[in-house]
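Student: Compute the structure for the input listed below.
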Amino acid sequence: MNIYVLLKRTFDTEEKITLSNGKIQEDGAEFIINPYDEYAVEEAIQVRDKHGGEVTVITVGGEDAAEQLRKALAMGADKAVLINTEDDLEASDQFTTAQILAHYLKDKNPDLILAGNVAIDGGSGQVGPRVADLLGIPSVTTITNLEIDGSVAKITRDVEGDSEVLEVSLPLLVTAQQGLNEPRYPSLPGIMKAKKKPLEELELDDLDLEEDDVAPKTKTIEIFLPPKKDAGKILDGELEDQVKELVQLLRTEAKVI
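Tutor: Modelled structure (predicted):
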């Protein structure tokens, strides 16, 4: 099987975000593979081990993203592709990323494309479905189980308050939800092997794309943290007195009654 994983470099989930002039400060910050993309990488490896083929991880970004690609190779992926837009694009959005990825994939004949359900930094969940639409293949989001039999995939996906089971023909794009699997940690032999695995670096020119072809459709005006919440109040005394005080606070301070 020809399997591709769409991967994104994101802030560490434990990283404290610092803002300056309406932008996130990246200097000194720690970056990781987007956690939902790790589920996608793990599932791709398991599918390859069961059905044969190879796994290629691909990302759009700058030189620094090579570190996350190498980790995916250490987990067990076979190849990696970095589409470096650092010198070509001043700004990008989900449209930009999807256009670039779809343009790269259009002649690769993928059987299966996996991506994370959402990126933890943006959370839009747009890139995967956009790529599928541009390639003209079906997509299924928030999957928690994947079984492939020949050219048909049986999929379980999260829906609000329940789950849904679907059968879809390949080629197919799916986005991974937590619970799909348990991503492996790169082993020492895996890390050593990753150093010798191919990591191809491309630019927009290599894809016959111009900046205008992938110009973003949206613009981020400002990023800001939510306002700090006031500390809660603890009511003391007898239960009857607490109830009276609570009602009074809801009426005079919260103004909800």
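Student: Please count neighbours and contacts with C-alpha atoms only from this point.
Tutor: OK.
Student: Give me the contact list for the helix or strand hosting V55.
Tutor: For V55, the element it lies in under DSSP states H and E is strand 54-61. The contact list for strand 54-61 (C-alpha atoms under 8 Å, 6 or more residues apart in numbering) reads 1-8, 41, 44-45, 48, 65, 69, 72-73, 77-86, 97, 100-101.
Student: Of the residues you listed, just the buried ones, ChimeraX syntax please.
Tutor: A single ChimeraX command is used to select the members of the contacts of strand 54-61 judged buried by 16 or more other C-alpha atoms under 10 Å:
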select :1,2,3,4,5,6,7,8,41,44,45,48,65,69,72,73,77,78,79,80,81,82,83,84,85,97,100,101
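Student: Please flag which of the contacts of strand 54-61 sit within helices.
Tutor: 41, 44-45, 48, 69, 72-73, 97, 100-101 (DSSP state H).
Student: between those residues, which is nearest E167?
Tutor: Lowest distance from E167 to the ones in helices among the contacts of strand 54-61 (C-alpha to C-alpha) belongs to A44, with 18.2 Å.
Student: show me what contacts that closest one?
Tutor: Contacts of A44 by C-alpha under 8 Å, 6+ apart are 3-5, 55, 114.
Student: what about L82, distance to S139?
Tutor: Distance from L82 to S139, counting by C-alpha to C-alpha, to the nearest Å: 23 Å.
Student: thinking again about what came up before, give me the sheet partners of the strand holding V55 and which way each runs.
Tutor: Sheet neighbours of strand 54-61, with direction, are listed as strand 2-6 (parallel), strand 79-84 (parallel) (DSSP bridges).
Student: Would you mind extracting the C-alpha trace of it into PDB?
Tutor: Extracted in PDB, the C-alpha atoms of strand 54-61 (Å, rounded to 0.1, in the frame of the first residue of the first chain):
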ATOM      1  CA  GLU A  54       5.500   2.000   2.600                       C
ATOM      2  CA  VAL A  55       4.800   5.000   4.700                       C
ATOM      3  CA  THR A  56       5.800   8.500   3.800                       C
ATOM      4  CA  VAL A  57       5.300  11.400   6.200                       C
ATOM      5  CA  ILE A  58       5.000  14.900   4.800                       C
ATOM      6  CA  THR A  59       4.900  18.400   6.200                       C
ATOM      7  CA  VAL A  60       4.800  22.000   5.100                       C
ATOM      8  CA  GLY A  61       6.900  24.500   7.000                       C
END
